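Asker: everything below, folded, please.
(3 chains)
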Amino acid sequence: MEGQETPPPNNPSYLFNPPPHLPEIDWVSLLSGPTRLHSDEMASLGAAEGDHGLGNSGERKRASSSRSHKATRPRFAFQTKSADDILDDGFRWRKYGQKSVKDSMYPRSYYRCTHHTCNVKKQVQRLSKDTSIVVTTYEGIHNHPCEKMMETLSPLLKQMHFLARF
DNA sequence: CGAGTTTGACCCGCGC
DNA sequence: GCGCGGGTCAAACTCG
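Answerer: This is a model prediction of the structure:
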């Protein structure tokens, strides 16, 4: 049931996502149907983000400024057709939660980038309508190079460095 | 033994 | 004000 009408373009110009077994990404729905997942207006640059009182008697020491980041954070969602929920995009993700959503009969998984200085999050959810479709929502931008990519590029960079001497 | 996953509880925003 | 739905935390657990 793979109605693939868009074979992978073999243009060698993609610097991002050169991964080995990348499933087909529905970039069309990405670009045309921007946000029907979360129609959140990313206005309200919450400058006044006082941490919540949270005067709980030492229960959850919720380190403030965690949930309050609903301000201007780039987020984009796209659909992939894959049998596997998690697709290897070159980054390392650590799962930190899973919830069952109301509309979908499948649970939604929450991942966070394992890089120290990188607090990019993503959530993965399988469509109940079409179980072969997985909706991935990225939130934030990586402030570090993709290690998979660096691994691939490393010898190339070395060679360039070598050639640059001439 | 460390990194990552599982899972239940907690917290919060929003609609009624 | 209350209940629901969704997002996150953290302890326990698993796997390499």
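
Asker: so A:F76, which of the three states?
Answerer: At A:F76 the chain is in strand, as set by DSSP: H, G, I helix; E, B strand; the rest coil.

Asker: can you report how many residues neighbour the nearest residue to it once chain neighbours are set aside?
Answerer: Once flanking residues are discounted, A:F76 sits nearest to A:Y138: 5.8 Å by C-beta to C-beta, 6 or more residues apart in numbering. For glycine as for every other residue, the C-beta is placed from the backbone atoms N, C-alpha and C. Burial of A:Y138 is recorded as 19 neighbouring residues (other C-beta atoms under 10 Å).

Asker: list the contacts of A:Y138.
Answerer: Contacts for A:Y138 were tallied using C-beta atoms under 8 Å, 6 or more residues apart in numbering; they are A:R75, A:F76, A:A77, A:V120, A:K121, A:K122.

Asker: buried set for the helix or strand harbouring the last one?
Answerer: Secondary structure from DSSP states H and E places A:K122 in strand A:121-126. By neighbour count on 16 or more other C-beta atoms under 10 Å, the buried set for strand A:121-126 is A:K121, A:K122, A:Q123, A:V124, A:Q125, A:R126.

Asker: which of these sits closest to A:F91?
Answerer: The shortest approach to A:F91 among the buried residues of strand A:121-126 belongs to A:K122, at 9.0 Å (C-beta to C-beta).

Asker: please identify the helix or strand for A:M160.
Answerer: Per DSSP H and E: helix A:147-163 holds A:M160.

Asker: per-residue confidence averaged over that helix?
Answerer: Averaging pLDDT along helix A:147-163 yields 67.

Asker: any regions of chain A where pLDDT drops low?
Answerer: A:1-74, A:82-88, A:145, A:147-155, A:158, A:162-166 (pLDDT under 70).

Asker: ok and the residue in it nearest DNA strand C?
Answerer: A:G97 (2.9 Å; C-beta to the nearest atom of the strand).

Asker: next, count neighbours for that residue.
Answerer: Applying other C-beta under 10 Å, I find that A:G97 has 11 neighbouring residues.
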